[in-house]
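Dropping the sequence and predicted coords here.
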Amino acid sequence: MAFVSSSLALAWIVLSIATQGTLASPTPLDISPSLQEILNKAHQGPLYTYPTSLTQGIIPRTPSLNAAKQRLTKIADWRDVPFYTALSVGAVSTESDVWLYNDTLFVGHEQGALTTARTFESLYINPILDVLKRQNPTNSAFVTSPTHNGVFDTDGGQTLYLFVDLKTDGASTWPAVVKALEPLRSAGYLSSVNSTTFTSGAVTVIGTGNTPLSLVQPITDRDYFWDAPIPTLNSTFSNITSLISPIASTDFAANFGPVLGTSLNSTQLDLLRTQVKVAHDKGIKLRYWDQPAWPLSTRDAVWRLLRTEGVDFINADDVAAAAGFGDAYW
């Protein structure tokens, strides 16, 4: 994954992002020869060297419409560099499927995809920490106290939601996840809750999958949260607050059933609006996964509807389409 520095990127407009997260062939701007010569030499001196250039120019995907915010989430673990792929398209959330074997957290969507090299530490903790260190330089004469900027240079206050999807037994796997977060914890980068007070950090960790509520809810002072189920926020889990679950999720297909054409039927739409209201009344954001992927007309119509109705997050494997959705369809 290559990130283009600003001194070179000035001469180009990137038209699109391919589905594997790599930059498409750029189209050159029509720039005068004299100005182009200046741009070509800019990287040679300190004047045009931007200290936190790693994510410079990447805009977090939080477009708004009718006060609704929709964010891109779920960059699949089958990608070679899942976190960097998410970062490159401005996704404010990424998800890691973890399996605990021999006290090590391995990453992969299926057991057959696991390798000894692809671990939670190597694919997520270390890369996230590296980006945050770059966004919070300590060697500047102008920095008088430690900073805790997020991963996006264009919006240092935007937290990165890190969903950790436990695939193995939750009772044994979750403590290993909490332990693995220590590098981010000791650096002061994790969002936390102290009794009734939430403090936003550069990274907000949310346990999902087999994560036991019993290992999250009773802990009053913690730096991790639980992914609540949307359908039961008004029944079984009516006592869940945003201090426990800042985000609630559910399987779109299982929740609504099949979508015929390019719209939800009246029953499906009523259910969606009820779920949005219940969650938002609690201060909890919503995330739906497993939306229709085909045909594209249905997929796009569902994305558009979710956005219009106030859904906060979408899951997407087609990162190019999802990242550019707000620009292309509005």
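On my side now, so go ahead. Residues are numbered from 1 along each chain as shown.

Model confidence score at the residue lying closest to Asn136 once chain neighbours are set aside, please.
Distances taken as CB to CB, 6 or more residues apart in numbering place Thr147 nearest to Asn136, at 4.6 Å, with adjacent residues excluded. To be clear about C-beta, it is placed using only N, CA and C from the backbone, and glycine gets the same treatment. pLDDT recorded at Thr147 is 93.

burial measure for Thr147, as a count.
15 (other CB atoms under 10 Å).

pretty sure it contacts Arg134?
No - with contact defined as CB atoms under 8 Å, Thr147 does not reach Arg134; the gap is 11.8 Å.

Is Asp97 bridged to anything, and to what?
With DSSP bridges as the criterion, Asp97 is bridged to Asp165.

Neighbours of it, how many?
The burial count for Asp97: 23, using other CB under 10 Å.

That one and Lys167 touch, don't they?
Yes - with contact defined as CB under 8 Å, Asp97 and Lys167 form a contacting pair (5.6 Å).

does Gly207 sit in a helix or strand, and which one?
strand 203-209 (DSSP states H and E).

low-confidence ranges in the stretch 1-150 of the chain?
Under the criterion pLDDT under 70, the flagged ranges of the stretch 1-150 of the chain are 1-31, 34-35, 38-39, 41-81.

If we use 90, what do you get?
The stretch 1-150 of the chain contains residues with pLDDT under 90 at 1-91, 93, 109, 138-144, 146.

returning to that earlier point: name the residues that touch the strand holding Gly207?
95, 97, 128, 132, 150, 159-167, 170, 174, 177, 181, 184, 189-191, 216, 223-227, 245-247, 249 (CB atoms under 8 Å, 6 or more residues apart in numbering).

what about the strands in the stretch 201-330 of the chain?
Taking DSSP state E, counting those that start in this stretch, the strands of the stretch 201-330 of the chain run over residues 203-209, 221-222, 225-226, 228-229, 247-251, 285-289, 313-315.

Which neighbours in the sheet does the last one have, and how are they oriented?
In the sheet, strand 313-315 lines up against strand 71-73 (parallel), strand 285-289 (parallel) (DSSP bridges).

What residue spans form the domains of this structure?
As assigned by automatic domain parsing, the chain contains the domains 1-50, 57-329.

just those: most buried one?
Among the domains of the chain, domain 57-329 has the highest mean neighbour count (mean count of other CB atoms under 10 Å), at a mean of 18.

distance of Ala323 from Leu87?
11 Å (CB to CB, to the nearest Å).

Bridge partners for the residue nearest to the spatial centre of the chain, pull those for me.
In the chain, the centroid-proximal residue (CA atoms, centre = their mean) is Ser93; its distance is 0.8 Å. Note on Ser93: beta-bridge partners by DSSP bridges are Tyr161.

Touching, it and Phe163? I think so.
Yes - in terms of CB under 8 Å, Ser93 counts as a neighbour of Phe163; the distance is 6.6 Å.

show me the residues around Ile244 that make contact.
Per CB under 8 Å, 6+ apart, neighbours of Ile244: 213, 216-217, 225-226, 228.

which one of those residues sits closest to Val311?
Ala228 (15.0 Å; CB to CB).

Surely the closest one touches Gly283?
No - using CB under 8 Å as the test, Ala228 is too far from Gly283 to be in contact (12.0 Å).

and the strands of the stretch 201-330 of the chain as CSV, adding distance to Leu123 and mean pLDDT?
Output for the strands of the stretch 201-330 of the chain, formatted as CSV (distance: least, CB to CB, whole Å; pLDDT from 0 to 100):
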stretch, distance to Leu123, mean pLDDT
strand 203-209, 15, 98
strand 221-222, 24, 98
strand 225-226, 21, 99
strand 228-229, 26, 98
strand 247-251, 21, 97
strand 285-289, 20, 95
strand 313-315, 18, 86
